[in-house]
Structures are given as C-alpha cells and as structure tokens.
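Colleague: Pasting the sequence and the predicted coordinates here, then a few questions.
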Amino acid sequence: MKRTQIKDVFTGANYGDEITVCGWIKTRRDSKGGFSFLELNDGSCFKNLQIVAEAKLQNYESEIVKLFPGASIAATGIVVKSPGKEQDRELNASSIKVFGFCEPLEYPLGKQKISFERLRELAHMRARTNTFGALARIRNTLAFETHKFFQNNDFYYVNTPIITGSDCEGAGEMFQVTTLNLDKIPRDEKGAIDYSLDFFGKKTSLTVSGQLDGETWACALGKIYTFGPTFRAENSNTRRHLAEFWMIEPEIAFADIDDDAQLAEDYLRHLFKAVLANCPEDLDFFNKFVDKTLKDRLAKLADSPFKRISYTEAVSILEQSGVNFEFKPFWGMDMQSEHERYLSEQKFDCPVIVTDFPVGIKAFYMRLNDDNKTVAAMDVLIPQVGEIIGGSQREERLDVIERRIRESGLEPADYWWYCDLRKYGTVPHAGFGLGFERIVQFCTGMHNIRDVIPFPRTPGNAEF
C-alpha cells in the first residue's frame, strides 16, 4: 500500500491530490448532515488530519460509525481546503478500510487525563498519547543530530562492547552476566566462585561506559564517538536515575581538557539549535502543558556563552554565597545538584564548565595535574538540571595510570590492554560522557527521567 504520511499532507500535498493515509483514530464526531469527522494521527507529526467520511460510503453504517479512539484505518480521498480554523486542509474520503476496531470501554487511553505514573504501567501504549508522541519525535531528532554533529566534525562512530570484564567507574555497581547454574554454583579449592567455568571464563558484567574501549580506537583513528546502552546497578529510585540508559561518549586524541570543554560546548549548542529548528510543534506542546519556560530557555542557551571556572573557584563562590545549602560546601566535596544549579542558575545564569576537581572524588583514568591534588576533569552544568556532561583529559603517563589504578583498589594487570596505550605511542587525549535521557529530559521539560525513555528499567521494574 502506498501511503502518504500526515506530516507530508500538511507540507507537501496540493489541493486536489488523491492520497491514502493510515493511522489511528483520535476522535470521531458525527454530523446530522449525514457524515462523520475523523481525527487521524499516524505519529509522523503532532497534528491530526481531519477525514470527512460521508454516509454514502459503503461501510459507513457497518464500520465507520463504530470507530472509536484507538481504532486503525486507511483512508483514501482528495485533499481539499478545510473551512475550519485548526488546519488549512482535510481529506474527503472516497473509501475507508478498517484494520482494527477498538472498544471504548476497554481502551486504556480514553479521553480522561491520565497521570504519567499510570502511563508507565501502560508503556506499550503510551506512545499513542500526545505527550509521548511528541517526546518520541524530539528524542529521534536529538539522536539524529548527535550523529550529524559528530559525523560533520570528522568523528568515527564506534560500537563498544555491552558485555565487559572491566569496571570503568570503579564503583562496582554493575549487572553481572553469567551462564553458571545458580542453583549449583561451582566453587574452586578456596570456596570462591569458579568463573573459569562460566561462558567467558571470567567474571563479566554489563558495561557502565564505553569509554575505555573508545579510548583505544581514538588513539588510532584520532576522533571517535560511541552512542549506545549502558547499565548501572544502583538501587536508586529518584526521578534522575535509570538502571539502563543511553550514553554518548566522544574521545579525541592529541587533545587536552580545554579542547574537551570546547567540544562539549559546541555539541550542546548544536542540539539546542537543532531541536528548536526541527521540532517547533512538539516544543509548543511541551511549552504549553509541561514547562512554560522551555522554549525561552532553549533559545537562550542556543546562543549563550559558557562560563568556565575551576572547582576551587566554584567552592569559594558557594561558601561566600550566603545560601543555606542542605549540603554545606567545602573543598574536597563532591558537588551536589543544589550547588550545580546555584552556579548555573543564580550566580552566572548560563551554562558553567567546572574544571580541575580534587583527585579523591574522581576516577582513576583522569589526568593528574601538576599540583598532585587535582585532576583535569570537567563537569558541564546547565540551568534546571545541574551536571549534564562529565569528562576529562585522560591520564597518558604509564607510571601514573598504574599507580592510580592501584589507589582505586583495582589491579593494573586487569587493565593491561588499557595500559598498553601508554606504552606504545602514548598521546594526550580527552573525552566526555553525556547521558542521552538527561538531554531529552532537558529539551522536553519532563520532570521524571522514566518518562523520556520508551521502556524504563528501574529497581523492581523490568516490564515490557
């Protein structure tokens, strides 16, 4: 069946064209004049297309008047000028084929307003709502523009492993992967689990980051990025955490922390401009019903300069702010969301890049600065969110990286291949990570991160 997407009806079809559209009924309204108005949506845009179905259609009484929200149809007809104010065109149907009826008393997405909490229980259906249809299109735009940005800047797209034997963050919050019989776990002579009998012959987990593998390719190709799923077995039930989420992680060779910060700034600005240009109707919806400051905020950030300060400066600003923070600021602390938002919203009113964090609160792979107290790390803070990007210049010195691995309670032997980068033609290099759902959340104004991914994975929840 050759069909026209509804978005193309509004942008490309001419009056008098005969076309076929397919989609799901949003509403049906019957007229005393012997015809019905069907509002049809196919997911291609926010707008519904009005279908005018006259009573003379062969299946009008037997099928069309029995169409309720959720039913699926194909409508063939002529594009005509609409007398209504909501749209400039509609479809006069010459035939309507019904694919699937929908019982109004059973359909879970009725006319009544449904809470986001309830919609999470209907995750297989929620894409049909206005909110999640708009969200899906914005998420798609952000994903496409991510690839576009890096491809246009000569980055190579690299697929890093999902199953790994390395803990990039060193936090131990990883989902284990095993084929061992859990009812009869094999033990070695010391009573420990004998992973030599497991599928990979060693203990493996789902990855928390593709960074370490990405570095190896950057140190051969120059510039790479990953865009894939990552996993954290963190028992957190906040509106900001997921157990499964997507990460964008670029890595650049022959680069320092300043190059890294500039890349992050350019990338974010590109996304803000792209979503404003490509998703106006969907943004209008979120601006009206979810966050009335959304469009103004995105427009401001699309052209806003990014302020750069050191961690030491940031702590000093927080200490002298006079604000009674829940977590009192001090040098050596890991900044909390309230600190990050104060800096980006109240102090500077723009995105802020904080650099040079204490060595004790950052990962082993971040380059140790000459003061031996800080590392060349950066956090990018934006209003309403706080940290949106975390990155660093990577430690390129073999002796230092081996020492830092040990200080983190890990063994250099387990990272022999990572250390090899420092043995054979080492170079300064840098990179960062951005949680994709965080940027989707920011660009839609949605409050809970569970509502910006199709099927959220959280503690106690792996439905669908």
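Modeller: Ah, there it is.
Colleague: Just the buried positions in the strand or helix carrying His270, please.
Modeller: Here His270, judged by DSSP states H and E, is contained in helix 257-278. Using 16 or more other Cβ atoms under 10 Å as the test for burial, helix 257-278 gives 257, 260-261, 263-265, 267-276, 278. Placement of C-beta: from N, CA and C, glycine included.
Colleague: again with stretch 445-462
Modeller: In terms of neighbour count (16+ other Cβ under 10 Å), stretch 445-462 has its buried residues at Gly445, Met446, Ile449, Arg450, Asp451, Val452, Ile453, Pro456, Arg457, Thr458.
Colleague: Tell me which two in these are the farthest apart.
Modeller: The most widely separated members of those are Gly445 and Arg457, with 22.6 Å between them, by Cβ to Cβ.
Colleague: For the residue lying closest to Glu387 once chain neighbours are set aside, give me its contacts.
Modeller: Using Cβ to Cβ, 6 or more residues apart in numbering and skipping the chain neighbours, the partner closest in space to Glu387 is Asp379 (4.9 Å). Contacts for Asp379 (Cβ atoms under 8 Å, 6 or more residues apart in numbering) come out as Met335, Glu340, Ile353, Val354, Phe357, Glu387, Ile389, Gly390.
Colleague: Tell me which residues of the stretch of helix or strand Asp379 belongs to come out buried.
Modeller: Element membership of Asp379 [criterion: DSSP H and E] is strand 374-382. Neighbour counts using 16+ other Cβ under 10 Å place Thr374, Val375, Ala376, Ala377, Met378, Asp379, Val380, Leu381, Ile382 of strand 374-382 among the buried residues.
Colleague: what about dumping the CA coordinates of that strand to PDB?
Modeller: C-alpha atoms of strand 374-382 as PDB (Å, rounded to 0.1, in the frame of the first residue of the first chain):
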ATOM      1  CA  THR A 374      43.500  17.800  41.400                       C
ATOM      2  CA  VAL A 375      42.800  16.100  38.100                       C
ATOM      3  CA  ALA A 376      42.000  17.600  34.700                       C
ATOM      4  CA  ALA A 377      38.300  16.800  34.900                       C
ATOM      5  CA  MET A 378      35.300  18.800  33.900                       C
ATOM      6  CA  ASP A 379      31.600  18.900  34.600                       C
ATOM      7  CA  VAL A 380      29.200  20.900  32.400                       C
ATOM      8  CA  LEU A 381      26.400  22.400  34.400                       C
ATOM      9  CA  ILE A 382      23.200  23.800  32.800                       C
END
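Colleague: Now do the helix or strand just after that strand: which elements does it pack against?
Modeller: Counting by DSSP H and E, the next helix or strand C-terminal to strand 374-382 is strand 386-394. With contacts defined as 3 or more Cβ pairs under 8 Å, 6 or more residues apart in numbering; DSSP states H and E, strand 386-394 has these neighbours: helix 257-278, helix 337-341, strand 374-382, strand 429-435, helix 436-444.
Colleague: Columns mean pLDDT and distance to Leu91 on top of the ones you listed, output as JSON lines?
Modeller: JSON lines is the format used below for the helices and strands packed on strand 386-394 (pLDDT from 0 to 100; distance: least, Cβ to Cβ, whole Å):
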{"stretch": "helix 257-278", "mean pLDDT": "98", "distance to Leu91": "25"}
{"stretch": "helix 337-341", "mean pLDDT": "95", "distance to Leu91": "48"}
{"stretch": "strand 374-382", "mean pLDDT": "97", "distance to Leu91": "43"}
{"stretch": "strand 429-435", "mean pLDDT": "97", "distance to Leu91": "42"}
{"stretch": "helix 436-444", "mean pLDDT": "96", "distance to Leu91": "30"}
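Colleague: among those, which is nearest Lys300?
Modeller: helix 257-278 (9.0 Å).
Colleague: And for that closest one, what's in contact with it?
Modeller: Applying Cβ under 8 Å, 6+ apart, the external contacts of helix 257-278 come out as 138, 141-142, 145-146, 148-150, 250, 252, 283, 295, 298-299, 301-303, 306, 308, 351, 353, 355, 367, 376-378, 380, 382, 388-389, 391-393, 430-432, 434, 439, 443.
Colleague: show me where the stretch 201-350 of the chain has strands.
Modeller: For the stretch 201-350 of the chain, strands defined by DSSP state E, counting those that start in this stretch occupy the ranges 204-206, 223-231, 244-253, 307-310.
Colleague: Can I get these in TSV including mean pLDDT, distance to Arg403 and mean neighbour count?
Modeller: Shown next, in TSV, are the strands of the stretch 201-350 of the chain (pLDDT from 0 to 100; distance: least, Cβ to Cβ, whole Å; neighbours: other Cβ atoms under 10 Å):
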stretch	mean pLDDT	distance to Arg403	mean neighbour count
strand 204-206	95	25	19
strand 223-231	97	27	21
strand 244-253	98	22	22
strand 307-310	98	24	16
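Colleague: which one of the ones you listed lies closest to Glu86?
Modeller: The nearest among those, by Cβ to Cβ, is strand 244-253 at 35.9 Å.
Colleague: now the angle from that closest one to strand 429-435?
Modeller: Between strand 244-253 and strand 429-435, the angle comes out at 160 degrees (axes from the mean of the first three to the mean of the last three Cα atoms, to 10 degrees).
Colleague: show me where pLDDT drops low in the stretch 51-200 of the chain?
Modeller: For the stretch 51-200 of the chain, applying pLDDT under 70 flags the ranges 168-172.
Colleague: That one: helices as residue ranges?
Modeller: Assigned helices in the stretch 51-200 of the chain, in chain order: 116-120, 130-152 (criterion: DSSP state H, counting those that start in this stretch).
Colleague: what's the angle between the last one and helix 257-278?
Modeller: Translated: helix 130-152. Using the same axes, to 10 degrees: helix 130-152 against helix 257-278 is 130 degrees.
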